[in-house]
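S.K.: Just need the structure, nothing else, for what follows:
(one chain, ligands or ions: 1)
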Amino acid sequence: MDWRALDDRILVKPGAEAGLMTRDPVSADLFPDKKAAEKRCAECAEAINVLQDRLWAERSRALLVVLQGIDTSGKDGAVRGVFNACGPLGVSVTSFGRPSEEDLAHDYLWRVHQAVPKRGMIGVFNRSHYEDVLVVKVRKLAPAEAIEARYEQINAFEKHLAENGVAILKFMLHISKDEQRQRLQERLEDPAKHWKFNPGDLEDRALWDEYQAAYDRMLTRCSTAHAPWRVVPADKKWRRNAIIGAIVHGTLEAMDPQYPKPDWDPKSFAIE
Ligand code: ADP
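M.R.: Residues are numbered from 1 along each chain as shown. The predicted structure follows:
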C-alpha cells in the first residue's frame with residue numbers, strides 16, 4: 001500500500017472526533033502478510049538512514065517523532081524496529097518518565113522543549129508532553145482547569161516548532177486490552193522480561209477506560225494541521241513497525257533534504 005493511502009487510514013483528521021473506541025487495533029488489511037511487512041520495514045529503515053544523512057548535511061530542518069501509548073503498547077520496540085539502521089549520530093531518543101524535582105519547578109513544557117531535536121537531527125520522544133494530559137489527568141495530578149488549558153497550549157507549542165523548521169509526526173500505539181493482558185503475562189513468566197514488569201502497570205490497567213477516554217480526548221483536541229495524530233494498530237508488532245516505518249520514510253522523502261552545494265570547486269583541489 002502506498003504510504004499516503006496508509007496514512008489516510010490512520011490519520012486523525014484535524015477538527016474531527018478521533019473515535020478511538022471504533023478504531024481496530026488489529027487492522028489486518030493494512031499489512032496482511034508478516035513477511036512482506038518485515039521486508040518493507042527493513043527497506044524503510046535503510047532509506048530513513050540515507051535520508052537522515054541528507055537531513056544532517058542540509059542542517060536546516062529537524063524531524064520530531066512522538067510515540068505515545070499505554071504500557072506494553074510497544075514504544076521501545078517501535079524505536080528499535082524503525083530506527084535500527086540509523087547510526088547514533090543522527091537520531092536522539094528521549095524517554096519521558098516521572099518529572100524530576102527540577103522539572104516540576106518549571107512549567108511542564110520546559111523539559112520537553114530542551115529535548116526537541118536540533119536542525120539536522122531526528123528526535124524520537126518515547127512518551128512526551130502528552131503525559132501531562134494523560135497520566136496527569138487520569139491520576140488527577142494537577143487541577144482539572146489547568147489540564148484543560150493544556151490542549152491549546154500544546155497546539156500552540158507544536159505550531160511554534162513547526163513554523164521554526166521542526167516537522168512533527170505523532171503516533172499513538174493502539175493495542176487492545178486483551179493484548180495488554182498477554183504482554184503483561186509474558187513479563188511475569190519470562191525471566192528475561194521480569195525487569196520490564198512494574199506493579200504500577202497493573203494500577204494503570206485497572207484505569208483502562210479512563211486512559212482510553214483521556215487518549216481519545218487528546219487525539220481529538222490535539223490533531224492539528226501542523227501536527228496531526230496517527231493511531232497505529234499495534235496488536236501485531238511487525239505491522240506496527242511497518243506502518244510507522246512507511247510513514248516516517250514517506251515524510252522524510254517528501255521533505256526531500258538536500259546536500260548543500262559547496263561554494264568551492266572540487267576540481268580545483270588536488271590531493272598529493
Ligand atoms: P516506560 O513505562 O515508558 O517503559 P518508565 O517505567 O520509566 O517507562 O515509566 C514512565 C512513567 O512515568 C509512566 O508511568 C508515566 O506515566 C510516567 N510519567 C511520564 N510523564 C509524566 C508526567 N508528566 N507526570 C507524571 N508521570 C509521568
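S.K.: CA only for contacts and neighbour counts going forward, please
M.R.: OK.
S.K.: where does the chain come near the ligand, residue by residue?
M.R.: Asp71, Phe96, Gly97, Arg98, Pro99, Glu131, Asp132, Val135, Val136 (C-alpha under 6 Å from any ligand atom).
S.K.: Using CSV, lay out these together with secondary structure and distance to Asp256.
M.R.: Below are the residues of the chain next to the ligand laid out as CSV (DSSP: H, G, I helix; E, B strand; the rest coil; distance: C-alpha to C-alpha, whole Å):
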residue, secondary structure, distance to Asp256
Asp71, coil, 34
Phe96, coil, 30
Gly97, coil, 33
Arg98, coil, 36
Pro99, coil, 36
Glu131, helix, 32
Asp132, helix, 33
Val135, helix, 37
Val136, helix, 38
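S.K.: can I get these in TSV with neighbour count?
M.R.: Listed next are the residues of the chain next to the ligand as TSV, based on neighbours: other C-alpha atoms under 10 Å:
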residue	neighbour count
Asp71	19
Phe96	16
Gly97	10
Arg98	10
Pro99	11
Glu131	19
Asp132	18
Val135	18
Val136	16
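S.K.: For those residues, work out which two are farthest apart.
M.R.: For those, the farthest-apart pair by C-alpha to C-alpha is Asp71 and Pro99; their separation is 17.4 Å.
S.K.: Check the residues of the chain next to the ligand against Lys118 and report the nearest one.
M.R.: Using C-alpha to C-alpha, the residues of the chain next to the ligand come closest to Lys118 at Phe96, 18.0 Å.
S.K.: thought that closest one was touching Tyr130?
M.R.: No - between Phe96 and Tyr130 there is no contact under C-alpha atoms under 8 Å: 10.0 Å.
S.K.: pLDDT and distance to Arg183 for the residues of the chain next to the ligand - can I get that in a markdown table?
M.R.: Putting the residues of the chain next to the ligand into a markdown table (pLDDT from 0 to 100; distance: C-alpha to C-alpha, whole Å) gives the following:
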| residue | pLDDT | distance to Arg183 |
| --- | --- | --- |
| Asp71 | 96 | 9 |
| Phe96 | 98 | 21 |
| Gly97 | 97 | 20 |
| Arg98 | 97 | 23 |
| Pro99 | 98 | 26 |
| Glu131 | 98 | 22 |
| Asp132 | 98 | 25 |
| Val135 | 98 | 20 |
| Val136 | 98 | 24 |
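S.K.: Contact partners for Gly123?
M.R.: Gly123 makes contacts with Ala62, Leu63, Leu64, Val65, Val91, Ser92, Val93, Thr94, Ala115, Val116, Pro117, as judged by C-alpha atoms under 8 Å, 6 or more residues apart in numbering.
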